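**Q** structure for this input, please:
(chains A and B)
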2 protein chains.
Amino acid sequence: MLTPDKLTALHALFGDRLSTQAHACEAHGRDESFYPPAPPDAVLMAESEQDVLGAVACCHAERIPLIPFGAGTSLEGQVLAVQGGLSLDLTRMNAILRVDAADLTVTVQPGVTREQLNAALRDQGLFFPIDPGANATLGGMASTRASGTNAVRYGTLRENVLALRAVLPPGQVVRAGSRAKKSSAGYDLARLLVGSEGTLGVITELTLKVHPLPEHVAAATVTFPTVNAAVQTTIALIQCGVPIARCELLDAHAIRAVNAHDHLDLPEAPLLLLEFHGSPLAVQEQIRTVQELATELGGTAFQWAETPEARTRLWRARHHAYWSVLQQHPGCRCLTTDVCVPISHLADCVNTALQEAEAAGLPYFLVGHVGDGNFHVGYLIDPQRAEQLATAEALSHRLVQHALRLEGTCTGEHGIGLHKQAYLLEEAGEAAVATMRAIKAALDPHGVMNPGKVFAA
Amino acid sequence: MLTPDKLTALHALFGDRLSTQAHACEAHGRDESFYPPAPPDAVLMAESEQDVLGAVACCHAERIPLIPFGAGTSLEGQVLAVQGGLSLDLTRMNAILRVDAADLTVTVQPGVTREQLNAALRDQGLFFPIDPGANATLGGMASTRASGTNAVRYGTLRENVLALRAVLPPGQVVRAGSRAKKSSAGYDLARLLVGSEGTLGVITELTLKVHPLPEHVAAATVTFPTVNAAVQTTIALIQCGVPIARCELLDAHAIRAVNAHDHLDLPEAPLLLLEFHGSPLAVQEQIRTVQELATELGGTAFQWAETPEARTRLWRARHHAYWSVLQQHPGCRCLTTDVCVPISHLADCVNTALQEAEAAGLPYFLVGHVGDGNFHVGYLIDPQRAEQLATAEALSHRLVQHALRLEGTCTGEHGIGLHKQAYLLEEAGEAAVATMRAIKAALDPHGVMNPGKVFAA
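**A** Down below sits the predicted model:
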């Protein structure tokens, strides 16, 4: 709780960039997770690194929880102010500072969204590939080590951050990395901050790799008799080394929902949604390989999205899957899993997940960045019915334990937040989590940076 | 200095795996840098993670400096026992634990060398691409975030470590990462340990990405009238997005030396040594592009190494460059720079480096992983003549400062060790180095892990 004198201190620093109005606090107390809102006591609309520096210094000195906030699209409660305090909204820091086309790098403020960046890059023949679906801010994406549909070819935020600036307690700007492609200069602070979910500092600038727009792009959908057949096709094409740009799975439940929401008429059966990037010749080669593999494994109804408009329509539908399913279950919220396993174990993991979901009887759907071995099962629950939440949690836990037995991870891309702290302990072990806590204590000795996330404060 | 009672404690733990014999200590007190030897007081030949655990626990409890040791091929003094203590030799921990061909991963002990790994992988149609020249251990390569000739296409140890096990003070095994391709599970401890030069813990196991042997490989040499023309060609081919597998520059001094050492008759002029990986068609496309670019910029005397034997001969010569030059200057040692800059600034950086070296009058040579913007100038100095060392240090320092102005790094791949600590401070700034120190103090509170490296103890 922010005491009146602490609020006065903040007001003196930030004037009307600071708000304690209920609507502002409520808007900053929720994300896309199933958690009930946890609003902060105040919201600061940061406009500069200087503002961030002031906020971190003040929160450190006054022991005020500080929660960085971007688009609010996190899925694990990362932005909830579970201990009150100050929500630091970075969306006004949305300048694209530099585009260095010759080096394929850009430098942006953390509030720039991925759609904003891509709109600015298009004229220069460039794009930023990482696409988690939501129009998240790049600062938020870095903080959760986000990935999404293009990661199978282009990697995640881990691979695409070259350098960053961040403000750390007690109130200092730290630079990490450079625009050079590689470096062995000391500890990799950039990679430490990427994925730290705002618990160590606030990212104020990011230098990212960008890529030339592919010479040729083709997208296709292929329908399969079973989810297993779609997964087996995925495994085969990854193991053959096809440099596919996107390889997404939707089960029949998800297809039914996106058909309704986006007015499509995709066959209501497991579907792979594929995209190919490269020279026309290279794309042709890839397509031929995939068609052969898919046909062998029962794939039918190849449909090509030839025009950019048709492709956009398909990908928009994919990105709407989560919302489309929720719309079909009014009043429900969704508990989403995020396991990621080595590709050779993907069929085992997906099949087990589906069997258990069927047996439990809750409505569910499955979508997945299956080319990476990463998929999401969403369990639909009525938040008023505790037993449904308990069932979904039990399913989620069993799925994580199975993924860990298969040498995978509890979270491919959503992060730990509030929800996966026990899973992190199971996955990494006590020594690793103690090591993370030791780093946290060293860099944020008062524990004010997004407290209660990643591990309990 | 190890006191007799501390030695007794170590002997009780390790029996004859511990040696205090002069020849063992001397062999573990030097690397390939220009530093005079600094032998440890004792050497432990570790045979298991249990040995490493015992050594870390004992050194932590007894305040004994502990220096992990692999092949001893570091170039910045990383393995020198500058405060005495225990050298922990990991070369007996050289088992290849698993090859998971279906997932393109391997799991190895830290003493496995890259040549050993590639010999074991060849039969399965796989290879580990990272090749720093020396037959280093993979533990050592991870510790310095090494890269080398193939990094332009396949990345560095940063991108190719999926998971690791390490022993950290006070004596605990930490697991980091998994075999899943991506993860957002907490702080990226794997990337924190990669590049930490043994100052945080001892890596006891590595899970690495491996790659299918390319369907087709072609290598070529092209001669240029000037180093600048070779660099301009490199810049053009990287900016065109040619997925070249290797792109190495040697100046005329280096060529002269390798011709003599490896009985070659390469034209004594700046040379690009190139390698192409892919389908026969893709390789042909790449070669055509590179020939056009190189010819436009004055490249002549294209020579093709068609057979594996001819390729091996060329690459062996490249790897011998450092030794070949030293052989031509008996009694000299070599001070080597390692700057890496964004590709658009590479010509500026190389040209400035050469002008300054020429003006200074010391013998020198230049080799470089120029596709990454990374190059090495080696200054040959007589260790008896202090003014030569001073001149080389001044040249090195000015080159680093220029590279930093060009938004690069002081070290692309060799690490900080003893030699680049002041450069690290210039590059990263005081706040970043203080953050690194805070992490070091949190994880190694007694300061026993490779003390005096990366930053002064």
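**Q** for the stretch 101-250 of chain A, what spans make up the strands?
**A** A:105-108, A:126-127, A:161-168, A:172-177, A:202-209, A:211-212, A:216-223, A:246-250 (DSSP state E, counting those that start in this stretch).
**Q** for the second one, give me every contacting residue.
**A** Meaning strand A:126-127. For strand A:126-127, the external contacting residues (C-beta atoms under 8 Å, 6 or more residues apart in numbering or on different chains) are A:99, A:101, A:104, A:106, A:118, A:121, A:210-213. Every C-beta, even on glycine, is put in place using the N, C-alpha and C of the backbone.
**Q** quick revisit: now tabulate the strands of the stretch 101-250 of chain A in TSV and tack on mean neighbour count and distance to A:Pro39.
**A** What follows is the strands of the stretch 101-250 of chain A, written out as TSV (neighbours: other C-beta atoms under 10 Å in any protein chain shown; distance: least, C-beta to C-beta, whole Å):
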stretch	mean neighbour count	distance to A:Pro39
strand A:105-108	24	28
strand A:126-127	20	36
strand A:161-168	25	23
strand A:172-177	22	29
strand A:202-209	24	19
strand A:211-212	16	39
strand A:216-223	20	41
strand A:246-250	25	34
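**Q** would you reformat the ones you listed as TSV and include distance to B:Glu309 and mean pLDDT?
**A** Compiled in TSV, the strands of the stretch 101-250 of chain A are given as follows (distance: least, C-beta to C-beta, whole Å; pLDDT from 0 to 100):
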stretch	distance to B:Glu309	mean pLDDT
strand A:105-108	40	98
strand A:126-127	42	96
strand A:161-168	39	98
strand A:172-177	41	98
strand A:202-209	37	98
strand A:211-212	37	94
strand A:216-223	38	94
strand A:246-250	39	97
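**Q** could you export these as TSV, including distance to B:Trp323?
**A** Below are those laid out as TSV (distance: least, C-beta to C-beta, whole Å):
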stretch	distance to B:Trp323
strand A:105-108	36
strand A:126-127	42
strand A:161-168	33
strand A:172-177	32
strand A:202-209	35
strand A:211-212	39
strand A:216-223	46
strand A:246-250	46
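**Q** closest to A:Leu264 out of the ones you listed?
**A** strand A:216-223 (9.7 Å; C-beta to C-beta).
**Q** so the closest one versus strand A:246-250, what angle?
**A** Per axes from the mean of the first three to the mean of the last three C-alpha atoms, to 10 degrees, the angle that strand A:216-223 makes with strand A:246-250 is 20 degrees.
**Q** close to chain B, is strand A:216-223?
**A** No - judged by C-beta under 8 Å from any C-beta of the partner chain, strand A:216-223 and chain B are separated, with a smallest distance of 13.4 Å.
**Q** and stretch A:106-116, what's buried?
**A** For stretch A:106-116, the neighbour count (16 or more other C-beta atoms under 10 Å in any protein chain shown) marks A:106-114, A:116 as buried.
**Q** hmm, I was thinking of stretch A:339-359
**A** A:339-347, A:349-350, A:352-354, A:356-357.
**Q** all helices for the stretch 351-457 of chain A, in order.
**A** A:386-405, A:421-428, A:430-443 (DSSP state H, counting those that start in this stretch).
**Q** can you list contacts of the longest one?
**A** When contacts are defined by C-beta under 8 Å, 6+ apart, helix A:386-405 is touched by residues A:34, A:335, A:337, A:339-341, A:349, A:352-353, A:356-357, A:360, A:362, A:377, A:379, A:381-383, A:409-410, A:420, A:423, A:426-427.
**Q** so how far is chain B from the spatially most central residue of chain A?
**A** For chain A, the residue nearest the mean C-alpha position is A:Ala146 (3.7 Å; C-alpha atoms, centre = their mean). Applying C-beta to the nearest C-beta, to the nearest Å, the value for A:Ala146 to chain B is 7 Å.
**Q** for chain B, what are the nearby residues on the stretch 151-300 of chain A?
**A** So the stretch 151-300 of chain A meets chain B at A:151, A:155-156, A:158-159, A:168, A:172-176, A:178-189, A:191-192, A:194-196, A:200, A:212, A:239, A:241, A:279, A:281-282, A:285 (C-beta under 8 Å from any C-beta).
**Q** drop anything exposed from the residues you listed.
**A** Here, 16+ other C-beta under 10 Å leaves A:151, A:155-156, A:158-159, A:168, A:172-176, A:178-189, A:191-192, A:194-196, A:200, A:239, A:282, A:285 buried among those.
**Q** in helices, which of the residues you listed appear?
**A** With helices taken from DSSP state H, the overlap with those comprises A:151, A:158-159, A:189, A:191-192, A:239, A:282, A:285.
**Q** please tabulate these in CSV and include pLDDT and distance to B:Gln232 as additional columns.
**A** Formatted as CSV, these follow (pLDDT from 0 to 100; distance: C-beta to C-beta, whole Å):
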residue, pLDDT, distance to B:Gln232
A:Ala151, 95, 34
A:Arg158, 97, 32
A:Glu159, 96, 28
A:Leu189, 98, 34
A:Arg191, 98, 33
A:Leu192, 98, 37
A:Gln239, 88, 40
A:Ala282, 85, 27
A:Glu285, 87, 32
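**Q** may I ask which two of those are separated the most?
**A** A:Leu189 and A:Glu285 (40.9 Å).
**Q** which one of the buried residues of stretch A:106-116 sits closest to B:Ala220?
**A** Checking the buried residues of stretch A:106-116 one by one against B:Ala220 (C-beta to C-beta), the nearest turns out to be A:Val106, at 33.4 Å.
**Q** does the closest one touch A:Thr207 like I think?
**A** Yes - A:Val106 is in contact with A:Thr207 according to C-beta atoms under 8 Å; the separation is 7.2 Å.
**Q** which one of the contacts of strand A:126-127 is nearest chain B?
**A** A:Pro212 (5.6 Å; C-beta to the nearest C-beta).
**Q** how about the contacts made by the closest one?
**A** Per C-beta under 8 Å, 6+ apart, neighbours of A:Pro212: A:104, A:125-127, B:241.
**Q** as JSON lines, the residues you listed with distance to A:His397 would be great.
**A** JSON lines is the format used below for the contacts of A:Pro212 (distance: C-beta to C-beta, whole Å):
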{"residue": "A:Leu104", "distance to A:His397": "42"}
{"residue": "A:Gly125", "distance to A:His397": "46"}
{"residue": "A:Leu126", "distance to A:His397": "42"}
{"residue": "A:Phe127", "distance to A:His397": "38"}
{"residue": "B:Gly241", "distance to A:His397": "45"}
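**Q** among the helices and strands of chain A, which one scores worst on average pLDDT?
**A** strand A:300-305 (a mean of 87; mean pLDDT, DSSP states H and E).
**Q** strands paired with that strand, and their directions?
**A** strand A:216-223 (antiparallel) (DSSP bridges).
**Q** could you report the pLDDT at the nearest residue to A:Ile381 once chain neighbours are set aside?
**A** Distances taken as C-beta to C-beta, 6 or more residues apart in numbering or on different chains put A:Gln388 closest to A:Ile381, at 4.1 Å, once the chain neighbours are dropped. With respect to pLDDT, A:Gln388 scores 96.
**Q** tell me how many other residues crowd A:Gln388.
**A** Using other C-beta atoms under 10 Å in any protein chain shown, A:Gln388 has 21 neighbouring residues.
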